[in-house]
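Participant: Can you look at this prediction? I've put the sequence above it.
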Amino acid sequence: MEPEEIQNSEKVINGIAVSPGIAIGAVLVIGRKFAKIIERSITPDEVEFQITKFQEALDTTRAQIRALQQNLNETLKEKHSSIFDAHLLITQDKMVIDEVEAATKKELKNIDYIFDRIMKKYIAAIASMPDDYIRERVGDFRDVSSRIIANMHGGHDKQFDSLPGQRIIVAHDLTPSDTASLDRENVLALATEVGSRTSHTAIMARSMEIPAVVGISADDLNIGSGDIIIVDGYKGLLITNPKPATLEIYARRETREEEIHDEILKESTLRPETVDRFRIQLAANMELPEDLAAAIKYGAAGIGLFRTEYLYINRTEPPSVEEQFLIYKDLVEKLNGYPLIIRTFDLGGDKLSSITEEATHIDPNPFLGCRAIRLHLDFPELLPQQIRAILMASAYGDVKVMFPMITCMDEMGQLNGLVESEKRELRSKGIAYNEEMEIGIMIETPSAALIADKLAKKVDFFSIGTNDLVQYTLAVDRGNEKVAYLYQPSHPAILSLIKSVTEAAYENGIWVSVCGEMAGDPRYIPLLVGMGIHELSMSASSIGPVRRLIRRLYMHDSEKLLEEALKASTADEVLDLTEGLLYEIAPDIMSMAYLGE
Ligand code: PEP
Ligand code: MG
């Protein structure tokens, strides 16, 4: 929808589209940064919703006060906790509650504004009392009032795993561990201030098929929990206070989206090959074991990247060898002969776990510090244990191991040594594993890309991690929305690195894939096909559109396009070339892509 179609009093906020889809629903605001009280009109239909929001905030506040009271009882004397009895009484004051609800119905204004106004009136009256004792109660009223307002605005503690119903989560930031613990059934969409297309929260949202927009400005957002908003994950828009006409337009788009989705699903058994019969393997990336179902549903020919670090997040003890083995074995068995590429844990950067806390949480420059295989120095047990579990699972299907963040040959020597020593250990105990299990590495640092010809002699495959390759080559934090404009996968420097890595793979007879977000973005597909990449691995939900696109491409056109693109001197010139082709052969796919920025 174009902005002019949206009527005046509603507000359209621009962000960066990071996960496609449309969501219409009630907001749950996380974090106090958004807790502003703005007077606004509501429709009679919204009254009930507002009152429920108020009642929920009162319940939450009571629960919080009781929890505080209990903690205090354990550590301090009984009499101190009686302060909280007074606070509890305020939250139960029928006179105030009735007055707030009646005024909301009568004036048709948002309930947080009405509540704030009424509380201020009582606070002023109490403050003018002659009795000292009563006057001192002002602090209690202020305290409880701001707690209730914060709760109406979602300022209470993060509670992602059990939402009060279906909600659109709006937050300043969501860490990958927050996102991993989301109550998937009830999250309609995500919108955050912080983030970018390749931040891990965005990647997870795509895996979970949850529409998401990042880079929204808190200053533009005057919303509270319970408000109805629209999230447009295609164009990167949030629409607050939507008019009925806008809601109708978006409801129609939602239906259309479901139809396209069903059409694409029907194509999931078609061969991903160009018109002139060049086959490209399409695999899925996954973060959590439950993502496998979507990979199979969309017809992935295996898992090209299992981000196992999520097995270490949101827990204090690492998963045991046995626990990991059972997970990997179960996955590869369900893949029915298709490969499962298990990437060893890539903790650090923005993916933090309390298990590796002592190294990662104090890292002054996390993306350049103790990340991934570098953690082996601080935690010498973790990597060998994971390698052992992977080897054990290799006896049950086509399991491959992949190491992230490689920068030099020494690392490769050490890692191959670790695999050998774990093999020896298993052999000595008579435990089965696949002696031929393939070992691959991610090419995601400029140094690895530049010595790819040497690395290729030590491994069985390369998987190009463009998310980090772009970050490290262009010196742009992949998760920072402020520099998102500089994060350009089509930058000539990136194209030339991918090309030379692919050539090194071909020259050394190993296969090469791309598993960064470029692999699922239609704009880069003709270029990657033209380079001769063997496999593209992406969020499962991107497989359908990418398969459809590949089936409309000719290899010779893709090669010609690549040749032109390699002569370009800017990222935009490259995009103009690819988009020119795509709007010609695949306008339907372009309209499904989430290109809004
Ligand atoms: C990458 O860097 O491109 C990649 C696939 O790994 P991650 O996004 O997990 O860093
Ligand atoms: Mg990476």
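Facilitator: Ah, there it is. Ligands and ions are numbered 1, 2, ... in the order given.

Participant: Residue 592 reaches residue 544, doesn't it?
Facilitator: No - with contact defined as C-beta atoms under 8 Å, residue 592 does not count as touching residue 544 (9.0 Å). (C-beta placed from N, C-alpha, C; glycine too.)

Participant: okay, those two: which has more neighbours?
Facilitator: Between residue 592 and residue 544, residue 544 has the larger neighbour count (other C-beta atoms under 10 Å), namely 24 against 20.

Participant: separation between that one and ligand 1?
Facilitator: 20 Å (C-beta to the nearest ligand atom, to the nearest Å).

Participant: And that residue, what's its pLDDT?
Facilitator: Each residue has a pLDDT score; the one for residue 544 is 95.

Participant: so it, which of the three states?
Facilitator: The assignment at residue 544 comes out as helix when based on DSSP: H, G, I helix; E, B strand; the rest coil.

Participant: Grab the nearest non-local neighbour of it.
Facilitator: In this structure, residue 544 finds its nearest non-sequential neighbour in residue 264, 3.5 Å apart by C-beta to C-beta, 6 or more residues apart in numbering.

Participant: Look up the pLDDT of the most centrally placed residue in the chain for me, please.
Facilitator: Closest to where the C-alpha atoms of the chain average out (C-alpha atoms, centre = their mean) is residue 201, at 2.2 Å. In the prediction, the pLDDT value recorded for residue 201 is 82.

Participant: looking at this, it is in a helix?
Facilitator: Yes - assigned with three-state DSSP, residue 201 falls within a helix.

Participant: related to what we said a few turns ago, for the residue nearest to residue 544, what are its contacts?
Facilitator: Residues touching residue 264, when contacts are defined by C-beta atoms under 8 Å, 6 or more residues apart in numbering, comprise 544, 545, 548.

Participant: Dump those to a markdown table, plus distance to residue 197.
Facilitator: A markdown table is the format used below for these (distance: C-beta to C-beta, whole Å):
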| residue | distance to residue 197 |
| --- | --- |
| 544 | 19 |
| 545 | 16 |
| 548 | 21 |
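
Participant: Now flag whichever of those is closest to residue 488.
Facilitator: In terms of C-beta to C-beta, no member of those lies closer to residue 488 than residue 545, at 21.5 Å.

Participant: Give the helix, strand or coil label for residue 170.
Facilitator: When the structure is split into helix, strand and coil by three-state DSSP, residue 170 lands in strand.

Participant: What is the neighbour count of it?
Facilitator: Applying the criterion other C-beta under 10 Å, we find 30 residues in the vicinity of residue 170.

Participant: Start the count at 57 instead of 1 going forward.
Facilitator: All right, first residue 57 from here; so that's residue 226.

Participant: Name the residues of the chain found near ligand 2, please.
Facilitator: If contacts are counted using C-beta under 5 Å from the ion, the residues of the chain sitting beside ligand 2 are 500, 521, 524.

Participant: 8 Å - rerun?
Facilitator: 402, 460, 461, 498, 500, 521, 523, 524, 572 (C-beta under 8 Å from the ion).

Participant: Ligand 1 next: which of the residues you listed are close?
Facilitator: Of the entries in the residues of the chain next to ligand 2, the ones placed beside ligand 1 under the rule of C-beta under 6 Å from any ligand atom are 402, 500, 521, 523, 524, 572.

Participant: Could you list which of those belong to helices?
Facilitator: In this view, those that belong to helices under DSSP state H are 523, 524.

Participant: hang on, the earlier thing: reformat the residues of the chain next to ligand 2 as TSV; add neighbour count and pLDDT.
Facilitator: Formatted as TSV, the entries for the residues of the chain next to ligand 2 read as follows, by neighbours: other C-beta atoms under 10 Å; pLDDT from 0 to 100:
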residue	neighbour count	pLDDT
402	26	96
460	25	98
461	23	97
498	26	98
500	26	98
521	31	98
523	24	97
524	24	97
572	31	97
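
Participant: then stretch 360-377 to PDB, C-alphas only?
Facilitator: The C-alpha atoms that make up stretch 360-377 are tabulated as PDB, following Å, rounded to 0.1, in the frame of the first residue of the first chain:
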ATOM      1  CA  GLY A 360      23.000 -26.400   5.000                       C
ATOM      2  CA  LEU A 361      23.600 -24.700   8.400                       C
ATOM      3  CA  PHE A 362      22.500 -25.800  11.800                       C
ATOM      4  CA  ARG A 363      23.400 -23.000  14.200                       C
ATOM      5  CA  THR A 364      24.000 -25.200  17.200                       C
ATOM      6  CA  GLU A 365      24.900 -22.300  19.500                       C
ATOM      7  CA  TYR A 366      21.200 -22.000  20.300                       C
ATOM      8  CA  LEU A 367      21.600 -25.400  22.100                       C
ATOM      9  CA  TYR A 368      23.900 -23.500  24.600                       C
ATOM     10  CA  ILE A 369      21.800 -20.400  25.000                       C
ATOM     11  CA  ASN A 370      19.300 -19.900  27.800                       C
ATOM     12  CA  ARG A 371      20.900 -22.500  30.000                       C
ATOM     13  CA  THR A 372      23.800 -22.600  32.500                       C
ATOM     14  CA  GLU A 373      25.300 -26.000  31.700                       C
ATOM     15  CA  PRO A 374      26.400 -27.000  28.200                       C
ATOM     16  CA  PRO A 375      24.500 -29.800  26.600                       C
ATOM     17  CA  SER A 376      26.100 -33.200  27.300                       C
ATOM     18  CA  VAL A 377      27.600 -35.300  24.500                       C
END
